[in-house]
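Asks: Mind folding the following:
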Amino acid sequence: MNKKIIIGITIFLFVLILVIFIPKLKEKDVVKEEKSEEEQNGVDYTRYKTLIIYYSKSKTTERIANLLQKKIGADLYKIEVVEDYPEGMTEIYDRAKEERDSGNLPLLKGTLPDISRYDLILVGSPVWARTISTPIMSYLAQTDFDGKRVATFYTDIGKAGTYEKDFNDQIQNASPSYNLELTDASELGDAEIDVLFDKWLKKVFK
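Replies: The predicted model follows:
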């Protein structure tokens with residue numbers, strides 16, 4: 001057989017092998033990478049049917065709640081008050097103090113979510129005067145968690161005070177889980193928040 005023909009056939013077969021097998025190798029690499037990422041995170045977010053409940057005045061906690069919902073695919077419920085709070089933090093704290101001292105916690109809008117079909121409740125709140133925001137206090141006062149796992153994520157400017165103790169004291173008939181503090185969250189990028197989520201959620205979903 002002509003030497004040129006042999007060389008041509010060899011080159012053709014080599015190219016054919018590349019065309020057939022390289023995409024399959026790449027596909028295997030992608031699957032391997034996906035598995036490695038899943039193994040690295042080590043979190044199965046479908047393990048618990050999860051509800052995220054939050055209150056947010058400045059939108060900081062709302063941003064965190066939305067990022068969390070996007071990450072784990074949970075249901076989301078926003079707490080709203082009948083009488084909104086003023087804009088200034090001093091005025092907010094003054095009103096919240098009056099509500100705490102008097103026991104007249106704010107009325108909440110709408111019907112609170114039915115938590116009976118959930119296994120895990122994640123409650124988001126800003127820190128007001130080193131404790132839980134009063135709208136979330138109002139929600140906790142109205143809710144029997146019926147033995148469910150409950151955790152909180154909260155935003156502050158570095159002065160969380162007794163937030164976690166107060167939260168654990170006020171959740172009724174619940175199994176407290178690990179909590180997440182996000183200090184100066186408004187200054188954190190989405191990627192930075194995601195790193196904090198990963199560390200926290202590994203504990204919550206274990």
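Asks: Would you state the helices of this structure in chain order?
Replies: Secondary structure of the chain (DSSP state H): helices at 3-41, 60-72, 89-102, 134-141, 163-170, 190-204.
Asks: what's the burial count for Thr152?
Replies: Counted with other Cβ atoms under 10 Å, residues neighbouring Thr152 total 25. For glycine as for every other residue, the C-beta is placed from the backbone atoms N, C-alpha and C.
Asks: Quick one: residues contacting the closest residue to Tyr118 other than its chain neighbours.
Replies: Leaving aside its chain neighbours, Tyr118 sits nearest to Leu51 (4.5 Å; criterion: Cβ to Cβ, 6 or more residues apart in numbering). By Cβ atoms under 8 Å, 6 or more residues apart in numbering, the contact set of Leu51 is 74-77, 113, 115, 118, 120-122.
Asks: now Val81
Replies: Counting by Cβ under 8 Å, 6+ apart, the residues that Val81 touches are 55, 106-109, 135, 138.
Asks: Show only the entries of the residues you listed found in strands.
Replies: Using DSSP state E to define strands, no part of these is located there.
Asks: And the pLDDT for the residue nearest the centre of the chain?
Replies: The centroid of the chain falls nearest to Leu68 when counting by Cα atoms, centre = their mean (2.7 Å). Here the pLDDT value assigned to Leu68 is 98.
Asks: Please produce a PyMOL select command covering the buried subset of the contacts of Val81.
Replies: To isolate the buried ones among these in PyMOL, judged by 16 or more other Cβ atoms under 10 Å, type:
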select buried, resi 55+106+108+135+138
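Asks: and which of the contacts of Val81 is nearest to Ala129?
Replies: Distance to Ala129 across the contacts of Val81 (Cβ to Cβ) is lowest for Pro135, with 13.7 Å.
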